[in-house]
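Engineer: give me coordinates for this.
(chains A and B)
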Number of protein chains: 2
Amino acid sequence: MSNKNNLEALFKPKSIAIIGASRHPGKIGYTLMKNIIEYGYKGKIYPINPKAEEIMGIKAYKSILDVPDEVDMAIIVVPAQYVLQVAEECGKKGVKVLVVITSGFSEVGNDEAEKKLVEIAHKYGMRVLGPNIFGIAYTPAKLNATFGPNEVLEGPIAFISQSGALGIALMGWTVMEEIGVSAIVSMGNMADIDVVDVSKYLSEDPNTKVITIYLEGLKPGSGRRFVEEMKKVTMKKPVIVIKAGRSKRGAMAAASHTGSLAGSDQVYNVAFKQAGIIRALTTEEMFDWARAFASQPIPKGENTIIITNGGGVGVLATDAAEDHGVKLLEPSPELKEKLRKAMPWFGSPKNPVDLTGQASTENYVEALKVAYESDEVDNIVVLYCRTAILDPIELAKAIIEVNNTYRNKCKPMVAGFVGGKDTFEAIRLLNREGVPAYPSAERAVVSLAKMLEYMRYLKKVKKQ
Amino acid sequence: MSNKNNLEALFKPKSIAIIGASRHPGKIGYTLMKNIIEYGYKGKIYPINPKAEEIMGIKAYKSILDVPDEVDMAIIVVPAQYVLQVAEECGKKGVKVLVVITSGFSEVGNDEAEKKLVEIAHKYGMRVLGPNIFGIAYTPAKLNATFGPNEVLEGPIAFISQSGALGIALMGWTVMEEIGVSAIVSMGNMADIDVVDVSKYLSEDPNTKVITIYLEGLKPGSGRRFVEEMKKVTMKKPVIVIKAGRSKRGAMAAASHTGSLAGSDQVYNVAFKQAGIIRALTTEEMFDWARAFASQPIPKGENTIIITNGGGVGVLATDAAEDHGVKLLEPSPELKEKLRKAMPWFGSPKNPVDLTGQASTENYVEALKVAYESDEVDNIVVLYCRTAILDPIELAKAIIEVNNTYRNKCKPMVAGFVGGKDTFEAIRLLNREGVPAYPSAERAVVSLAKMLEYMRYLKKVKKQ
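Structural biologist: Have a look, this model is predicted:
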């Protein structure tokens, strides 16, 4: 039943049937098929529709049983009352995985049909994603089998969502924010394939560096398996979870939304801690942190240096560091001496290292080199306030170059840039080129804090 | 000494002398003068420069004493060693307020000169802003006397900054984020005019609805005055403060940055609470909340309703509400009945009110009307996840219209919209038209929570 090849078919199907494909714009069966074609899927596509000869220029079949070739994945979009019959046919056809978009199952109390659906699937050795989902995307295979936005940016962040509407909305958000994703998986009712299955698969996926999950609740009784299996996942890759329904009332809302038992929040907290999962409270946090994990090495030690051209952001960063357990290094006299050479005479080589508002790109480059080359420094936070004399784009380019030069040092660097439009462009540039950058000092520091949290977890479990 | 007219001259000077005005781009004395002219200042401008006949087409004078007319404000940009002499001349000329941009005073240990500067000023009945500042902007008077960005958007949010670099950077940020400001005041060393003076003036200013402050520390011994005077300010207008240097190490960094004594953070917490000041931890929070205060009425009661088209964001909002003390209303059977009519049959009239992913603009409008018209509801959180069937711009327009129709109900509304580019545009539109809108449910809820905090404070002090 837990057939790895079938999950392979979920992410890298050689052929796809869309049962309920439609010629009518606005229909889910239309959008889905359009997304698959337009995103550039290279495998065979078989639209299934009893009333159509062809859809979007592709020959249609009345039933999946009429398809002359093998079908890896069947995406089911037909109304709930037809799903079981269609599943039976898919089984007979030898389909490996069912992606059941259709809603109207356990989330509205129709538990019986959902159970039957899984029974039928397992009888034929098929796995089921869903029901009640918006689909799956896996960018390395050029697969966008969702009815969400078409343009998804390729990158190393996987996103698993138990909420449909939020998941689709966040798909659009990742595009706008230029967050590159490897996979987007809608979990829905998790009748068969669950968050653990998908996480395990992605932990072996060379195109995924970090896994993010929007979770509302696990099935009753699945807690132990979740902890045991996710422990293995986090040994390989960082996992960041938003567990919604933390509050009593939120848990009730979650229960009525996906039908999942939310359970006591404290239980989840313990489970996440045991499994080495990092918990975010907001979607912004989740993607902020994922960006850092996606582009920088895991820290080797605690000693962090802050390099800034603004005293104010330096203070804000220092506050955030203390709030979030980031240890600021006390530079040795030798290190201070080296840093002093990188700044105007009225700067400060204490940590935060204040290059002052008169700082040039050269000052930054020099100070960063000193930090990378010093054995005292494990992690670097580089901050910038827009000044008239220092162009943020020029600075960003220089920082990217230094970062690339010193990649072998395995010292994570995060950046906080405060300013207007050109500063925003500099942030985009940094992110594109692998330096996680944020519009405030605090968000940069907190992202580093989460990398340190993960480092501490790994050190602890590897000692055991 | 505490002459209100002199502060009037700080915000609405009838004439300005720029002592140290320069013809050379890159110089502060150049940027400052350029900003004043280009931002559209209507009063008289007198560049003072011993070596120039005219600057930017305006007749220059060798000394302020040569200026034939009255001068309200003198902006001083000359090096520190000339400042005292220049101040003396300004006094003789009858200047009302000195804006001392020049640095090199108490922030580098030069306390003596700073003391002298204030003595000279007070001898002549002048007030001093600074030294060590980037200037002052007051948009209703078309005054941008800073060396920061030129384009500042007009609006009802005042921003007072004790940090120079951060203040300038945030000026640019407000433009990018379309945050309209009434005043931006750089405080620097606060040798004379301090945060309290400026806050008091702005509390009477009809163009300011909310005051935001980046604070690093008060002068020793000024705590009691701060609390007493700020109490009066918050009776009139909400005040949001970031007090940086919360942590031990941050306090040390702040002390070396502005030379101010940061003091124990706990003391500040108590002082802010007593004075009814709302404390933010990050600049993003500060402006998020200011936006809500700037455009919506102060709440009258605690009962809040959440209206959403996505279960997931509804759950996240519910969690945030519990975290931040926002009380979610239990709708009466009558209210539920009315709400039910505003949604598809499978929606939920419980709070959060789930209009479902099938929700139309009409559903939202209907539900919002019910909420505005119900006596059970005091506050409204409206959430949206981008769906294929509901255009965010169309929805935003409808929400703006409903909000305008029901302004007389005095029920604050905040919006959280999640999605891609068009959703982002909808957020901008909402903000422009007076509905505070954010890219996540959480930020919307927290902004409302801060309005409720202020409401509770006002109710408490008004009872006393």
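
Engineer: can you show me the helices along the stretch 351-464 of chain A?
Structural biologist: A:361-373, A:392-405, A:421-432, A:441-463 (DSSP state H, counting those that start in this stretch).

Engineer: let me have these in JSON lines, extended by mean neighbour count, mean pLDDT and distance to B:Val100.
Structural biologist: Yep, even glycine has a C-beta here, placed from its N, CA and C like the rest. As requested, the helices of the stretch 351-464 of chain A are arranged in JSON lines below (neighbours: other CB atoms under 10 Å in any protein chain shown; pLDDT from 0 to 100; distance: least, CB to CB, whole Å):
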{"stretch": "helix A:361-373", "mean neighbour count": "20", "mean pLDDT": "98", "distance to B:Val100": "27"}
{"stretch": "helix A:392-405", "mean neighbour count": "19", "mean pLDDT": "98", "distance to B:Val100": "28"}
{"stretch": "helix A:421-432", "mean neighbour count": "19", "mean pLDDT": "97", "distance to B:Val100": "28"}
{"stretch": "helix A:441-463", "mean neighbour count": "20", "mean pLDDT": "96", "distance to B:Val100": "28"}
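
Engineer: now those as a markdown table including distance to chain B?
Structural biologist: Listed next are those as a markdown table, based on distance: least, CB to the nearest CB, whole Å:
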| stretch | distance to chain B |
| --- | --- |
| helix A:361-373 | 14 |
| helix A:392-405 | 10 |
| helix A:421-432 | 5 |
| helix A:441-463 | 5 |
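
Engineer: distance to A:Ser103 added to those helices, as a markdown table?
Structural biologist: Shown next, in a markdown table, are the helices of the stretch 351-464 of chain A (distance: least, CB to CB, whole Å):
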| stretch | distance to A:Ser103 |
| --- | --- |
| helix A:361-373 | 52 |
| helix A:392-405 | 45 |
| helix A:421-432 | 36 |
| helix A:441-463 | 34 |
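
Engineer: between those, which one is nearest to A:Ile298?
Structural biologist: Among the helices of the stretch 351-464 of chain A, helix A:441-463 comes nearest to A:Ile298, with 5.5 Å by CB to CB.

Engineer: using CSV, list the CA coordinates for the closest one.
Structural biologist: The C-alpha trace of helix A:441-463 is given here as CSV (Å, rounded to 0.1, in the frame of the first residue of the first chain):
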residue,chain,number,x,y,z
ALA,A,441,16.3,44.3,10.7
GLU,A,442,14.0,42.3,12.9
ARG,A,443,12.8,39.9,10.2
ALA,A,444,16.4,39.2,9.2
VAL,A,445,17.5,38.5,12.7
VAL,A,446,14.5,36.2,13.4
SER,A,447,15.1,34.2,10.3
LEU,A,448,18.7,33.6,11.5
ALA,A,449,17.3,32.7,14.9
LYS,A,450,15.3,29.9,13.3
MET,A,451,18.3,28.5,11.5
LEU,A,452,20.1,28.5,14.9
GLU,A,453,17.1,26.7,16.5
TYR,A,454,17.4,24.0,13.8
MET,A,455,21.2,23.8,14.3
ARG,A,456,20.7,23.2,18.0
TYR,A,457,18.2,20.5,17.4
LEU,A,458,20.5,18.7,14.9
LYS,A,459,23.4,18.9,17.3
LYS,A,460,21.3,17.5,20.1
VAL,A,461,19.9,14.5,18.2
LYS,A,462,23.2,13.7,16.6
LYS,A,463,24.9,13.5,20.0
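
Engineer: check the offset of it from the chain's centre.
Structural biologist: Here the centre of helix A:441-463 is set off from its chain's centre by 17 Å, with CA atoms, centre = their mean, to the nearest Å.

Engineer: now stretch A:31-45
Structural biologist: On CA atoms, centre = their mean, the centre of stretch A:31-45 falls 23 Å from that of its chain.

Engineer: list the buried residues for that stretch?
Structural biologist: A:31-37, A:39, A:41, A:44-45 (16 or more other CB atoms under 10 Å in any protein chain shown).

Engineer: again, but for stretch A:78-94
Structural biologist: Across stretch A:78-94, burial judged by 16+ other CB under 10 Å covers A:78, A:80, A:83, A:86-91, A:93.

Engineer: what do you get for stretch A:268-275?
Structural biologist: A:268, A:271-272, A:275.

Engineer: and chain B, which of the buried residues of stretch A:31-45 reach it?
Structural biologist: The subset of the buried residues of stretch A:31-45 within reach of chain B, by CB under 8 Å from any CB of the partner chain, is A:Thr31.

Engineer: any chance of the buried residues of stretch A:31-45 in CSV with secondary structure and pLDDT as columns?
Structural biologist: Output for those, formatted as CSV (DSSP: H, G, I helix; E, B strand; the rest coil; pLDDT from 0 to 100):
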residue, secondary structure, pLDDT
A:Thr31, helix, 96
A:Leu32, helix, 97
A:Met33, helix, 97
A:Lys34, helix, 97
A:Asn35, helix, 97
A:Ile36, helix, 98
A:Ile37, helix, 98
A:Tyr39, coil, 97
A:Tyr41, coil, 98
A:Lys44, strand, 98
A:Ile45, strand, 98
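
Engineer: going by distance to chain B, which of the buried residues of stretch A:31-45 wins?
Structural biologist: Using CB to the nearest CB, A:Thr31 is the member of the buried residues of stretch A:31-45 that sits closest to chain B, with 6.4 Å.

Engineer: so what's that closest one up against?
Structural biologist: Contacts here follow CB atoms under 8 Å, 6 or more residues apart in numbering or on different chains; on that basis A:Thr31 touches A:25, A:147, B:388.

Engineer: out of those, which end up buried?
Structural biologist: Buried among the contacts of A:Thr31 (16+ other CB under 10 Å): A:Phe147.
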